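Undergrad: next comes the sequence, and after it the predicted model I'd like to discuss.
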Protein chains: 2
Amino acid sequence: MRIGEVADRAGVSTRALRYYEEQGLIAADRTGSGQRTYPESAVERVQLIQRFFTAGLPSRTVRQLLPCVDTGHGSPEAFAMMAAERDRITAAMADLAAARDALDRLIDIAHHPTPEHCPALREPAWAPYDAAVTGA
Amino acid sequence: MRIGEVADRAGVSTRALRYYEEQGLIAADRTGSGQRTYPESAVERVQLIQRFFTAGLPSRTVRQLLPCVDTGHGSPEAFAMMAAERDRITAAMADLAAARDALDRLIDIAHHPTPEHCPALREPAWAPYDAAVTGA
DNA sequence: CTTGCCCTTGACGTCAACGTCAGGTTCTAG
DNA sequence: CTAGAACCTGACGTTGACGTCAAGGGCAAG
């Protein structure tokens, strides 16, 4: 498969694929004339990379991760990193949930025919998170 | 309150506060000599802004959102935007969950004393998402 | 008055994952 | 053989939320 087909099937641009190669995330064979050639598995690999990028992992981290995908085992540092990223993702999900709750509250408040300028806005319904947890 | 105290209490830099003002997210009174003065409520407001930023909302969107926080009601466009952002956040949470699952699987696979180079890696356990849903 | 910390504006730097353009080569269909 | 698609490398542009440095003004303590 050449780069265009991989791009189409994986839903990314060819520029992205060349960037991935530049970052050491995918390898490509070359034809005699220098054109890249990918195996079928490249499509899935690209989609996995995309999934990690979407989750906020930087390319440097993904680069350390992918060998584990290939070999099926990882160094202790790799484990630590994976665990750390897992925790980071979990925390990010909590942050998203908090923001969505704030939005929901805002939608709810603004949607109700507010009687006398809604006192609920005075309650720090979105603020006490850090104050309560951090306890600073 | 002057800018430094707000920054400390909200857990952001003074640069960030000036940036927020520049983007029309917070207003500040000025003393005769030009120094910014904030009310107590600024701390909560900044924390709310941070929460939205963390959730991936751009400053432009937050700027459209905050008047609804202040007035307690919003235009139909504001409603549409809030709903859209809510959906985007929900989708982002799903993406995070998918990436975390992939990581968990990777951790699980790599942690087990893999017998013969783990065939589970050959199952496209992380890929079929788009393929199955998009149906392309 | 001076030391020193906090404040001001202005402007350039950063980082990541690409987008985009330029200028040239290669493959493919007719 | 020739047009045109697809590919190549190289390099600069983009975006957002700030960081950081420069050069100066303001203000309470001693």
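TA: All right, it came through fine. Just so you know, these numbers come straight off a predicted model, no measurement behind them.

Undergrad: need phi/psi at the residue nearest the centre of chain A.
TA: The centroid of chain A falls nearest to A:Ala55 when counting by CA atoms, centre = their mean (1.3 Å). Main-chain torsions, A:Ala55, degrees, to the nearest 10: phi -80, psi 0.

Undergrad: ok, the residue lying closest to it once chain neighbours are set aside to DNA strand D distance?
TA: Leaving aside its sequence neighbours, A:Ala55 sits nearest to B:Ala99 (CB to CB, 6 or more residues apart in numbering or on different chains; 3.2 Å). Just so you know, the C-beta spots here come from the backbone N, C-alpha and C atoms, and that holds for glycine as well. Distance, B:Ala99 to DNA strand D, using CB to the nearest atom of the strand, to the nearest Å: 21 Å.

Undergrad: do the same with A:Thr61
TA: Distance, A:Thr61 to DNA strand D, by CB to the nearest atom of the strand: 17 Å.

Undergrad: ends of stretch A:51-60, how far apart?
TA: By CA to CA, to the nearest Å, the extent of stretch A:51-60 from end to end equals 15 Å.

Undergrad: helices and strands of chain A: which one bottoms out on pLDDT?
TA: The weakest-scoring helix or strand in chain A, judged by mean pLDDT, DSSP states H and E, is helix A:128-134 (a mean of 39).

Undergrad: give me the domain ranges for chain A.
TA: Here the domain parsing of chain A from automatic domain parsing is A:1-74, A:76-136.

Undergrad: quick one: the residue nearest to A:Ala55 and A:Thr54 touch, right?
TA: Yes - the criterion here is CB atoms under 8 Å, and B:Ala99 meets it with A:Thr54 at 6.5 Å.

Undergrad: the more surrounded of these two?
TA: Neighbours per residue (other CB atoms under 10 Å in any protein chain shown) separate B:Ala99 from A:Thr54, with B:Ala99 holding more: 24 against 14.

Undergrad: the helix or strand where that one lies and DNA strand C in contact?
TA: Taking DSSP states H and E as the definition, one finds B:Ala99 inside helix B:76-111. No - against DNA strand C, helix B:76-111 shows no contacts by CB under 7 Å from any atom of the strand, the least distance being 12.6 Å.

Undergrad: for A:Ala16, grab the count of nearby residues.
TA: Per other CB under 10 Å, the neighbour tally for A:Ala16 reads 16.

Undergrad: excluding chain neighbours, what is closest to it?
TA: Distances taken as CB to CB, 6+ apart put A:Ala7 closest to A:Ala16, at 7.3 Å, once the chain neighbours are dropped.

Undergrad: whichever strand or helix holds that neighbour - contacts with which helices or strands?
TA: Of the helices and strands defined by DSSP H and E, A:Ala7 is found in helix A:3-10. Here helix A:3-10 touches helix A:14-22, helix A:41-54, going by 3 or more CB pairs under 8 Å, 6 or more residues apart in numbering or on different chains; DSSP states H and E.

Undergrad: deepest-packed of those helices, please.
TA: helix A:41-54 (a mean of 20; mean count of other CB atoms under 10 Å in any protein chain shown).

Undergrad: what sits against A:Pro76?
TA: Not one residue lies near A:Pro76 by CB atoms under 8 Å, 6 or more residues apart in numbering or on different chains.

Undergrad: what parts of chain A come near DNA strand D?
TA: Counting by CB under 7 Å from any atom of the strand, the residues of chain A close to DNA strand D are A:Arg2, A:Ile3, A:Gly4, A:Glu5, A:Ala7, A:Thr14, A:Arg15, A:Arg18, A:Ala28, A:Gly34, A:Gln35, A:Arg36.

Undergrad: swap the cut-off to 10 Å and go again
TA: Taking CB under 10 Å from any atom of the strand as the criterion, chain A approaches DNA strand D at residues A:1-8, A:14-15, A:17-19, A:21-22, A:28, A:30-31, A:33-38.

Undergrad: buried ones among these?
TA: A:Met1, A:Ile3, A:Val6, A:Ala7, A:Leu17, A:Ala28, A:Arg36, A:Tyr38 (16 or more other CB atoms under 10 Å in any protein chain shown).

Undergrad: is chain B contacted by stretch A:106-113?
TA: Yes - applying CB under 8 Å from any CB of the partner chain, one finds stretch A:106-113 touching chain B at A:Leu106, A:Ile107, A:Ile109, A:Ala110, A:His111.
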